[in-house]
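Colleague: Got a predicted model here, sequence first, then my questions.
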There are 4 protein chains.
Amino acid sequence: MPHLTLGIIEITGGATIDDVAAEAIELAARLDSNIAFTFNGVAIHARPTSTIGGIVTAYNEAVRANRKYAIERTKRSIDICNALDIDLLVLWLAREGTYIREAKDSKLSVERLVEAVNIMLEYDPRIRICIEPKPNEPMDQAYIPTTGHAIGLGLLCADPDRVGVNIESAHVILAGLDPSDEMGYAIAHKKLWTVHLNDQNGLKFDEDKSFGSVDLRRAFNQVRILDKYSYGKNGEYVGLDVKAMRTQKAEVATKHLSNSRTIFLRLLEISRSLDDSAISRMIEERDYEELDLYIMQHLLG
Amino acid sequence: MPHLTLGIIEITGGATIDDVAAEAIELAARLDSNIAFTFNGVAIHARPTSTIGGIVTAYNEAVRANRKYAIERTKRSIDICNALDIDLLVLWLAREGTYIREAKDSKLSVERLVEAVNIMLEYDPRIRICIEPKPNEPMDQAYIPTTGHAIGLGLLCADPDRVGVNIESAHVILAGLDPSDEMGYAIAHKKLWTVHLNDQNGLKFDEDKSFGSVDLRRAFNQVRILDKYSYGKNGEYVGLDVKAMRTQKAEVATKHLSNSRTIFLRLLEISRSLDDSAISRMIEERDYEELDLYIMQHLLG
Amino acid sequence: MPHLTLGIIEITGGATIDDVAAEAIELAARLDSNIAFTFNGVAIHARPTSTIGGIVTAYNEAVRANRKYAIERTKRSIDICNALDIDLLVLWLAREGTYIREAKDSKLSVERLVEAVNIMLEYDPRIRICIEPKPNEPMDQAYIPTTGHAIGLGLLCADPDRVGVNIESAHVILAGLDPSDEMGYAIAHKKLWTVHLNDQNGLKFDEDKSFGSVDLRRAFNQVRILDKYSYGKNGEYVGLDVKAMRTQKAEVATKHLSNSRTIFLRLLEISRSLDDSAISRMIEERDYEELDLYIMQHLLG
Amino acid sequence: MPHLTLGIIEITGGATIDDVAAEAIELAARLDSNIAFTFNGVAIHARPTSTIGGIVTAYNEAVRANRKYAIERTKRSIDICNALDIDLLVLWLAREGTYIREAKDSKLSVERLVEAVNIMLEYDPRIRICIEPKPNEPMDQAYIPTTGHAIGLGLLCADPDRVGVNIESAHVILAGLDPSDEMGYAIAHKKLWTVHLNDQNGLKFDEDKSFGSVDLRRAFNQVRILDKYSYGKNGEYVGLDVKAMRTQKAEVATKHLSNSRTIFLRLLEISRSLDDSAISRMIEERDYEELDLYIMQHLLG
């Protein structure tokens, strides 16, 4: 049975590196030993302190000084990674899009992202970087909207072996794609080093819903492909990137985390209970409607 | 327990009224007596024979002769209804949109649709008309895209009591809305006289997938609201408007119908097994994440 | 030439009615006399003060006390309208959706919205209410997602003649529909008493972009239908509901307002320069590709 | 000034290679010498003759014999390329998706696509292959939905230098992305060897509208990035993949082609008339709303 490591800790704030590291170590001591650390560095980068004159900077801006400033901030994230003995930095390119297409050159933007990642790779020869694609929000359009783009970007970098992806289910759904397909694509490339599971009800604002809350079959297929390729056995991370439901009372607003875990484990159980040879036979005979019913009936118990 | 009448027969073709009626009666004889007839009149209207000079006509065109021709065709549908002793005509306004917005005036279009429905209502004082909304396809944009628009249109007509709606799940999903919400909206208006259940995987071409095939929870909520308001007890129809999966062998390509029925009945069973007072309590306490888990766990069996 | 009244003032805050009224009157004195007042009452309703125990209330909740509280807050909005001599209240039902479908009954929700509007209509026999539809955000799904639903809701109310709609371009686009079509639909119903013009780049978070910023032709068609039906001649309002582009310096971040007005007036000029009889001829001859080019070329100058 | 080569000839049919080649050569003789050939090989592959027992085959099926058959058909396309002296094959993976996610393994699917492309590359050491991504239709979901995925796939192949992309504007829009961004991404990778320009009104069935017909600014940005990087100077192709507007009379239903060309050239003219140093200054000063107006005003003439 594959060992699945649950949990990603996102550490944000404008504190000193030592403050952050201390807080994280203290937190880690309280956690289940099955929960591992990765680091979402961009959170620091996007804080108000990462601005020049009140303006958030990005890696692919026209003004060189702004680009440089954004990269400097990221080096601080890498410092924190080192303080925490973390070798994986998740890089969500939140500010690297535009609100109007003419504000940036899309070819140059990609080249500047490569440049920025190269500087990070050079700054710490041990650090691995997982690019987290997202098509939009907070900006109108991003330049690395999907897993395909993230992997392609990594292959342009100086040390492609240290650039992977983090797939967040909701971000995939925002691009109109299927999370399990994106996972399969990344696994074929050997680039799926971490996932952030959650759910999203179609194309709208980023919802970070509980895993499986919208579409159980879509969640099931994510669990299935991760399990099929023994995800976690080589140090990959399964994170749950979920948010409290608004309009709830505070004291009951943390169940989204345990709910996500409960549903994950239940879907894993269902996935392992399927008769793979029966499925193969249905596929070989192109009896897809039978397969459709088979899956639905197993999901419905 | 509400009695649910399954099945809608769509009769199309350019044959004479008597041909169609004979074929339908013959078909009816072979059907379960639980399956009732409604009539999808637009199918006839949209056939090649409903064109002038090779061009399909619509109710809301600028050229009066074309509008008239489209309405004449529909009178033939009503004739067939009469021959079959059917008093419900489903009107899907397939050709009443445009490919470019400037091709029709959107205010006039609505008024011409009212005019056309009024002529139908006058032509047969017994016929009831259920408008089936759809946002697009085969045209770029339609003027009656949602349940709200269809009900509003009916209220502009000469005899609003004889104009209702047919909600097709997939058409609702194409408008980015939720089928169970649309059903509740129509029930509040007392206008939900027929439904066409199926499924659709997001915003793309019209898929007519097996009921529940994409999203079991979305299907569950449709079953739930229909059952809650005793749908079918007053002669309403539950239709399954599903399509064979392409790339299948012909001999196994009819299971989508029985699959849809099987899933409908299973979801009905799940819905009736829920503890309504527990649900009410969670809602009153705003413990929505607990409710979320409760629903997911019941769906997963 | 139709007279177009530009501008909607949104007044928010938890201040007393007199504070708000005084501030608004002071603001009005500084404005162009061509700019009229309407009132966006829901802004008050949605403030933190409109909560019970830290929870925002809505008109269609299960708990009666919460519904009542939400309506009481709205009565304060009506009081402010009266203090400002405003007879039009824009009602955006921000909190009247859900995050999970099971949290509310969709039929009851609609009925409770009718109930709430009826109480408002009764509270002030002079007030007119314009429902502003939006499909989602801040909640996952709303019960009045489109113009069709808003008009249908109004027709269920006790005094339908005092319930109209406010169409916001971006909200229409979020429902995958076309703003000019929605406007035509509402004009056919004589319900388009106010519009909030802006733009939106597809299905994502609510952007409130400058009018015409995404799609000039879509903006052109909105201007065209408003102008064609002499919008503004009977006291209707044209509002610009636009937002500063993020990542800008503060001192240049107000041009979105004048940009929107500039583009509106330029598109009006283009619309009036078109040869309507030539357009009619192309439509009658179904020479739609010629019409397509004709429109594009006039837009491109 | 970059030289822009307009036109792609799509040759389809189940005829013999010599038939197709003869027809194509005859057609070429009638064409403007500025119009070059590329070859859309998948058209042949997708014909009924590419089936076994009435079933269309795909490169990534579970059954080896079916995969092999699909590849054999493609070798015939390459033969036709050779007969026509064409070295560029556009590969649209129309049948390589699924209708339900469980019908194929997404990791294996990608690996089998690599395998198929490798066989093609080996079969003709001169042929270059441009993968044309599309997220859906005719199937529910495809495995190579975007430019990022297509480029990533190429980089897994045996001879990555001979695998590029063909970007079709409408396919990009179906994935919720921006065509000019995708073009910039591909140019940064040196993989944009051909484009199919057209337009699409949001997420629905594949429309293949006239270039610029929906959104002139989106079209403008495509022209702009192609021109900025001297597209066509190194033998790249600009194709127009547009469709007649339905409901038109046949005799006027070919203007979509010349319309697309006319709009392309007009947008090129506008693009070249812009003051690039003024744009750079606005970007440097983050005066994006000024830039927004500048672009809109130049588009409106």
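Modeller: Great, that's in hand.
Colleague: CA only for contacts and neighbour counts going forward, please
Modeller: Will do.
Colleague: all helices of chain A, in order?
Modeller: A:17-30, A:42-45, A:64-84, A:106-123, A:147-156, A:169-174, A:179-188, A:216-228, A:255-273, A:276-284, A:288-299 (DSSP state H).
Colleague: For the third one, buried residues please.
Modeller: Read that as helix A:64-84. Within helix A:64-84, the residues that count as buried by 16 or more other C-alpha atoms under 10 Å in any protein chain shown are A:66-84.
Colleague: Any residues of the stretch 151-300 of chain A in contact with chain C? List them.
Modeller: Applying C-alpha under 8 Å from any C-alpha of the partner chain, we find that the stretch 151-300 of chain A lies next to chain C at A:174, A:201, A:203-207, A:245-249.
Colleague: Neighbours of the closest residue to residue A:94 other than its chain neighbours, how many?
Modeller: Distance criterion C-alpha to C-alpha, 6 or more residues apart in numbering or on different chains; nearest residue to residue A:94, sequence neighbours excluded, is residue A:138 at 6.6 Å. If you count neighbours by other C-alpha atoms under 10 Å in any protein chain shown, residue A:138 ends up with 20.
Colleague: For the residue of chain A found nearest chain B, give its distance to residue C:71.
Modeller: Nearest residue of chain A to chain B: residue A:301, at 4.2 Å (C-alpha to the nearest C-alpha). Distance, residue A:301 to residue C:71, by C-alpha to C-alpha, to the nearest Å: 44 Å.
Colleague: Ok, residue A:111 next?
Modeller: Residue A:111 is 55 Å from residue C:71, by C-alpha to C-alpha.
Colleague: and if you look at residue A:104?
Modeller: Relative to residue C:71, and taking C-alpha to C-alpha, residue A:104 is found at 47 Å.
Colleague: thinking again about what came up before, wait, which of the helices of chain A is closest to residue B:214?
Modeller: Among the helices of chain A, the nearest to residue B:214 by C-alpha to C-alpha is helix A:216-228 (7.2 Å).
Colleague: So which bits of the stretch 101-250 of chain A are right by chain B?
Modeller: Within reach of chain B by C-alpha under 8 Å from any C-alpha, the stretch 101-250 of chain A has these residues: A:176, A:202, A:212-217, A:245, A:247-249.
Colleague: Just the ones of those in strands?
Modeller: Counting by DSSP state E, no part of those is found in strands.
Colleague: And the pLDDT at residue A:22?
Modeller: Listed pLDDT for residue A:22 reads 76.
Colleague: Return the distance of it relative to chain C.
Modeller: 33 Å (C-alpha to the nearest C-alpha, to the nearest Å).
Colleague: How about residue A:271?
Modeller: 25 Å.
Colleague: isn't residue A:91 right up against residue A:128?
Modeller: No - applying C-alpha atoms under 8 Å as the test, residue A:91 and residue A:128 come out as separate, 10.2 Å apart.
Colleague: Poorly predicted segments of chain A, please.
Modeller: Flagging of chain A using pLDDT under 70 yields the residue ranges A:1-17, A:27-28, A:30-56.
Colleague: what do you get if the cut-off is 90, keeping everything else the same?
Modeller: A:1-57, A:69-70, A:73-74, A:76-77, A:79-86, A:94-95, A:234-235, A:237, A:243-254 (pLDDT under 90).
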